[in-house]
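Undergrad: just the structure for this:
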Amino acid sequence: MTTTSFPAVKMGYTVDVYDLRLGLTVPKKTTADLLLTVNQLFPVIATLATIRAWASARPIGLLRLFGHGAPGEVQIGKEEFSDRNVHLFSTLTGIFARDALLSLYACSPGEHLRPTIGNSVGPEEADIASTPSFTKSVARVSGVHVLASRDLQYYHHDPVRFGRWEGRLYVVSPIGDVVRIPNLGQWYAGTIADLKRAKLSDVLIDRLHDEVVKVHPDHEPRKDKEPIWRGMRF
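TA: Modelled structure (predicted):
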């Protein structure tokens, strides 16, 4: 496993976690303050403990997990994250800045998500939205809003670049509210209204906007800075 750090930003630090099973070269330049790399030999609990130790004096405003995924699952570390061990996210309680966001950059972890707030909510979707899901559990246990998609995602190679989100994208609150937000650079007035109805702060809405619209507009990072590396190379 490997790590890297930077000066604090106004609304908290950014931490990126890459699972090397993506089979791609990890970027040398990044928008993150800490870059953590793991693989199938590194235990999930150790990954979370490393983040917590690093963040003990550095509140996290944005935590991004990059890995393969499936409905209700994100491949990070030895055991991977799923309903079986979602309780481990409680390890991160108390290390997040106010209005923090946890982004799951993976295929389909939000497969079972349906909006509970917004114009697109119908009776059938509302019924499905009331059922438990992995992504809702992550938000509830970690105590922060979670950004995830129901669809396949595509990475760009050498080095890894996430590019734009594909498909349906949702933000989930710690109390289980689900809002569908647009991708592909679209950001409508109705989106802001729905997010405010879900009681998201202006700071968190701005953070979401950066993640969805601004972060990878041309499949490239916005900042040229060398990250602090934490981890082990295998």
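
Undergrad: from Ile76, how far off is the residue lying closest to Gly67 once chain neighbours are set aside?
TA: Excluding the flanking residues, the one nearest Gly67 by Cβ to Cβ, 6 or more residues apart in numbering is Asp19, at 3.6 Å. C-beta here means a position set from N, CA and C on the backbone, and glycine is covered the same way. When distance is defined by Cβ to Cβ, to the nearest Å, Asp19 is 5 Å away from Ile76.

Undergrad: now do the shared contacts for these two.
TA: Shared contacts of Asp19 and Ile76 (Cβ atoms under 8 Å, 6 or more residues apart in numbering): Val38, Gly67.

Undergrad: what residue ranges in the chain score low on pLDDT?
TA: Where the chain drops to pLDDT under 70, the residues are 1-10, 24, 27-29, 118-132, 157-160, 182-189, 214-234.

Undergrad: okay, strands next: where are they in it?
TA: In the chain, strands defined by DSSP state E lie at 2-4, 13-19, 34-38, 60-66, 69-70, 73-74, 81-82, 96-105, 145-149, 169-172, 178-181, 228-231, listed in chain order.

Undergrad: right, so of these, which gets closest to Asp206?
TA: strand 96-105 (8.9 Å; Cβ to Cβ).

Undergrad: with just CA atoms, put that closest one into CSV.
TA: In CSV, the C-alpha atoms belonging to strand 96-105 read as follows (Å, rounded to 0.1, in the frame of the first residue of the first chain):
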residue,chain,number,x,y,z
PHE,A,96,-15.3,14.2,8.0
ALA,A,97,-15.6,17.9,7.6
ARG,A,98,-19.0,19.4,7.7
ASP,A,99,-20.8,19.0,4.3
ALA,A,100,-18.4,16.1,3.3
LEU,A,101,-19.0,13.8,0.4
LEU,A,102,-18.1,10.1,-0.3
SER,A,103,-18.0,9.3,-4.0
LEU,A,104,-18.1,5.6,-5.2
TYR,A,105,-16.3,5.6,-8.6
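
Undergrad: how close does Leu65 sit to Val213?
TA: The gap separating Leu65 from Val213 is 20 Å, by Cβ to Cβ.

Undergrad: who's more crowded, these two?
TA: Neighbours were counted for Leu65 and for Val213 using other Cβ atoms under 10 Å; Leu65 has more, 27 against 18.

Undergrad: what about the residue nearest to the more buried one when sequence neighbours are not counted, how many neighbours?
TA: Nearest-residue entry for Leu65: Val17, 5.1 Å, with adjacent residues in sequence omitted and distances by Cβ to Cβ, 6+ apart. Residues lying near Val17 (other Cβ under 10 Å) number 26.

Undergrad: next one: the one 3 residues further on
TA: Per other Cβ under 10 Å, the neighbour tally for Leu20 reads 22.

Undergrad: and the closest residue to it other than its chain neighbours, backbone torsions?
TA: Distances taken as Cβ to Cβ, 6+ apart place Asn39 nearest to Leu20, at 4.4 Å, with adjacent residues excluded. Taking degrees, to the nearest 10, you get phi -140, psi -170 for the backbone angles of Asn39.

Undergrad: again, but for Gly77
TA: phi 80, psi -170.

Undergrad: OK, contacts around it?
TA: Counted by Cβ under 8 Å, 6+ apart, Gly77 has contacts Asp19, Val38, Asn39, Gln40, Phe42, Pro43, Val44, Ala46, Thr47.

Undergrad: distance check, it against Val212.
TA: Taking Cβ to Cβ, one finds Gly77 at 26 Å from Val212.
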